[in-house]
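Visitor: missing the sequence, but the structure's below:
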């Protein structure tokens, strides 16, 4: 049985979204336990609280403060030491939970997680990784998504190694393909940082640490050309927000067109099954839940504006990662790639 510590207060909506999502998650996962961390009065105000409060697989940890979505990192890290976000991550540090989940302030979450859990040997900077739907009906894992806006080639290599571990643990693939996001597929294109990164990734491929496909472009994320796409946090965050905006635009378009006139309503009767399937495929809520990779514990970030369906998806992603041993797989891959990462002391015999 795996345990998740949940920051109930995080995000734009707080307990009104997180608590119903937790209840639905428990109904779908009979081997899961939850530690609900939040302000007692705020949780007690929700209609579903009575059932959660007496649930045999639920525990409550009271918090005294909430990290606001606009709180500076310094305030969240130094002043709000009894916040729901910090106490949720503390459950992981103490070994009481296998992973923590929060929809709160991304910068604060990364700072607190890094402070409490520390980074793994061989990793300079943690990265944020999530999945974006692609045309194959699957998902492409992209990292980094905003934790690091200025990256060295060595950082991007670390992201590739950690992303490979993430996909391997979730999908069971032994050698997921890795693409490096660039302005073109040709080797001669890109900045000096990208060119140097490509050299490192090719070296990692030659040593058996990665399955490096080569350079990919932005459209390849959604075509599903590779299982993983590596980029710096600035570019990754732009790609993430653009995909979410597109998904919402498609949903709004379908709704508006089908309510326009009698002809479109008649057409909807025949087209609705196909359009519903398409809308579901590109629904960003199904892929909610980004992993903070490179820490000595599992932490997952939900989108701040997530509804109950999306937050439940983040819980499920964190649960699957814990159940499938993501943390150990990251450690193993980092150890094997130790020499390339500049940490030869990590490498075991034969690495």
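Guide: Perfect, thanks for sending it. Since the structure is predicted, the reported quantities are computational estimates derived from the model, not experimental observations. Numbers count the residues shown, from 1 in each chain.
Visitor: ok, now which ones touch residue 221?
Guide: By CB atoms under 8 Å, 6 or more residues apart in numbering, the contact list for residue 221 reads 132, 134, 140, 142, 181, 229, 239, 243. For glycine as for every other residue, the C-beta is placed from the backbone atoms N, C-alpha and C.
Visitor: how does it look with 6 Å?
Guide: Residue 221 makes contact with 132, 140, 229, according to CB atoms under 6 Å, 6 or more residues apart in numbering.
Visitor: same check, this time on residue 229
Guide: With CB under 6 Å, 6+ apart, residue 229 has these contacts: 140, 142, 179, 181, 221.
Visitor: in the sheet, who's paired with it?
Guide: residue 142, residue 179 (DSSP bridges).
Visitor: show me the helices in the stretch 51-200 of the chain, by range?
Guide: 73-74, 84-93, 106-117, 153-171, 192-206 (DSSP state H, counting those that start in this stretch).
Visitor: ok, which of those comes nearest residue 24?
Guide: Of all these, helix 84-93 sits nearest to residue 24, with 19.0 Å by CB to CB.
Visitor: and the angle from that closest one to helix 106-117?
Guide: Here helix 84-93 runs at an angle of 30 degrees relative to helix 106-117 (axes from the mean of the first three to the mean of the last three CA atoms, to 10 degrees).
Visitor: by pLDDT, give me the weakest of the contacts of residue 221.
Guide: Within the contacts of residue 221, the minimum per-residue pLDDT falls on residue 132 (88).
Visitor: so what would you say the end-to-end distance of stretch 109-127 is?
Guide: 12 Å (CA to CA, to the nearest Å).
Visitor: can you check stretch 291-309 too?
Guide: First residue to last in stretch 291-309 (CA to CA) measures 18 Å.
Visitor: list the buried ones in it?
Guide: Judged by neighbour count (16 or more other CB atoms under 10 Å), stretch 291-309 contains these buried residues: 291-303, 306-308.
Visitor: which residue ranges form the strands in the protein?
Guide: 2-7, 32-38, 58-62, 99-102, 127-133, 139-143, 177-181, 211-216, 228-230, 290-293, 298-301 (DSSP state E).
Visitor: between these, which gets nearest to residue 252?
Guide: strand 127-133 (17.3 Å).
Visitor: how many residues are close by residue 158?
Guide: Residue 158 has 31 neighbours, counted by other CB atoms under 10 Å.
Visitor: got a list of what it touches?
Guide: residue 123.
Visitor: cool, residue 142 as well?
Guide: Contacts of residue 142 (CB under 6 Å, 6+ apart): 132, 229, 236.
Visitor: in CSV, list those along with distance to residue 284.
Guide: Converted to CSV, the contacts of residue 142 look like this (distance: CB to CB, whole Å):
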residue, distance to residue 284
132, 8
229, 16
236, 15
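Visitor: can you get me a residue count around residue 262?
Guide: By other CB under 10 Å, neighbour count at residue 262 equals 7.
Visitor: sorry, back to before: residue 324 is nearest to which of the helices of the stretch 51-200 of the chain?
Guide: That would be helix 153-171 among those, by CB to CB, at 4.6 Å.
Visitor: now the angle between strand 139-143 and the closest one, please.
Guide: 150 degrees.
Visitor: domains for this structure, by residue range?
Guide: 2-117, 127-284+332-346 (automatic domain parsing).
Visitor: let me know which of these is tucked in deepest.
Guide: Among those, domain 2-117 has the highest mean neighbour count (mean count of other CB atoms under 10 Å), at a mean of 20.
Visitor: before we move on, the earlier item: of the contacts of residue 229, which is the nearest to residue 315?
Guide: Closest to residue 315, out of all of these and judged by CB to CB, is residue 142, at 20.8 Å.
Visitor: if I look at that closest one, how far off is residue 211?
Guide: 16 Å (CB to CB, to the nearest Å).
Visitor: ok, now residue 303?
Guide: Distance from residue 303 to residue 211, counting by CB to CB: 29 Å.
Visitor: quick one: residues contacting the most centrally placed residue in the chain.
Guide: Against the mean C-alpha coordinate of the chain, by CA atoms, centre = their mean, the closest residue is residue 290 at 0.8 Å. By CB under 6 Å, 6+ apart, the contact set of residue 290 is 128, 130, 301.
Visitor: dig out what the second one forms beta bridges with.
Guide: According to DSSP bridges, the partner residues bridging residue 130 are residue 142.
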